[in-house]
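**Q** structural data only, the sequence is not supplied:
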């Protein structure tokens, strides 16, 4: 027998070893062999689209919280007006405000003037008293912070006089000046000067000692030390003192004018109380707050924009 016939007979006698397959594999094999495999593209993921632009969202984040706060104030105000007899609500006050601001600068005599003239009179008193306080307080703050002898000499006086209520100085002004208008200006001066003195002195004392050592090495005059070294470093402290002073001055002038009379927003509030026009008093409260806010924001704008170092 030949070798070929022997090999054929052995293959016929021995069974072939076949690897077992599952039904799923068999089905996949049959489907693959039956049809060509198609390329399946994944579905694109849905894109998230914000309902509003980023700028609109930023504006809403800034605008909505104050609106909610104003709405809460109006709601509480309306509830108090409903529960309190004689207290005007928001709608009644709004109607009175429209009538007042329709002609804010009328004149019907020395004691009957529009709210616009009263606001300007109060701002004039604040401007004069505040300006004099700045002319005196800022240089005094530089001197107190610069020289230890002056600091030790004036510190007890400032500590003694600063806690005194500003209205306690009003009778002194009436006694000295004999008139209500300069007495109110004196009260503004005495209450505005302390924040400017203390903040300016603190700024001078916080100037690094290395700067002063360089000034001594260069043999700079006292004028150049103040203008070239101290003033740029003290400017932020000085502006903070000015901002605190203007807020205190506007707060005090209302109370001073209630006591002295004449023309002014404080006198106008007291006069409207005597006439039992409570809605006008509420209007004056909002006017005083808005004017004070405008003054403070103006000083903050100056503090942010004005930079002595860039000049």
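**A** Sure thing, it's come through. Note that the structure is a prediction, hence the values are computed from the model and not measured.
**Q** rest of the way, CA atoms for contacts and neighbours
**A** Noted.
**Q** residue contacts, the nearest residue to residue 263 once chain neighbours are set aside?
**A** Of all residues not flanking residue 263 in the chain, residue 118 sits nearest, at 5.5 Å (C-alpha to C-alpha, 6 or more residues apart in numbering). Contacts for residue 118 were tallied using C-alpha atoms under 8 Å, 6 or more residues apart in numbering; they are 263, 264, 265, 268.
**Q** what does the pLDDT read for the second one?
**A** Meaning residue 264. What the model reports for residue 264 is a pLDDT of 88.
**Q** what count of nearby residues applies to it?
**A** 26 (other C-alpha atoms under 10 Å).
**Q** tell me if residue 276 really is in a helix.
**A** No. Under DSSP: H, G, I helix; E, B strand; the rest coil, residue 276 falls outside any helix and is assigned coil.
**Q** let's have the chain start at 144 instead
**A** In the new numbering, first residue 144, that becomes residue 419.
**Q** was I right about residue 283 contacting residue 340?
**A** Yes. Residue 283 lies in contact with residue 340 (C-alpha atoms under 8 Å); the separation is 6.3 Å.
**Q** those two: which is more packed in?
**A** Neighbour totals were compared for residue 283 and residue 340, and residue 340 leads with 26 against 21 (other C-alpha under 10 Å).
**Q** which secondary structure elements does the helix or strand hosting the more buried one contact?
**A** Assigning secondary structure by DSSP states H and E places residue 340 in helix 323-348. Helix 323-348 sits against helix 258-289, helix 313-320, helix 374-403, with contacts defined as 3 or more C-alpha pairs under 8 Å, 6 or more residues apart in numbering; DSSP states H and E.
**Q** report the buried residues of the first one.
**A** Applying a neighbour-count criterion of 16 or more other C-alpha atoms under 10 Å, the buried positions in helix 258-289 are 258-262, 264-266, 268-277, 280-281, 283-289.
**Q** also the shortest one?
**A** For helix 313-320, a neighbour-count test (16+ other C-alpha under 10 Å) marks 313, 314, 316, 317 as buried.
**Q** go on, the last one?
**A** Applying a neighbour-count criterion of 16+ other C-alpha under 10 Å, the buried positions in helix 374-403 are 374, 376-389, 391-403.
**Q** which helix or strand contains residue 221?
**A** helix 197-226.
**Q** in the helix or strand following that helix, which residues are buried?
**A** Counting by DSSP H and E, the element after helix 197-226 in chain order, helix or strand, is helix 233-245. Applying a neighbour-count criterion of 16+ other C-alpha under 10 Å, one finds 233, 236, 237, 239, 240, 243 buried in helix 233-245.
**Q** got a list of what the first one touches?
**A** Residue 233 is in contact with 217, 220, 221, counting by C-alpha under 8 Å, 6+ apart.
**Q** same check on the second one?
**A** Residue 236 sits next to 422, 423, 425, 426 when contact means C-alpha under 8 Å, 6+ apart.
**Q** need those in TSV with pLDDT, can you?
**A** Formatted as TSV, the contacts of residue 236 follow (pLDDT from 0 to 100):
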residue	pLDDT
422	91
423	92
425	93
426	93
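**Q** mind checking which of the residues you listed are in helices?
**A** Of the contacts of residue 236, the ones assigned to helices by DSSP state H are 422, 423, 425, 426.
**Q** need these in CSV with neighbour count and distance to residue 331, can you?
**A** Formatted as CSV, those follow (neighbours: other C-alpha atoms under 10 Å; distance: C-alpha to C-alpha, whole Å):
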residue, neighbour count, distance to residue 331
422, 22, 28
423, 23, 25
425, 19, 24
426, 17, 24
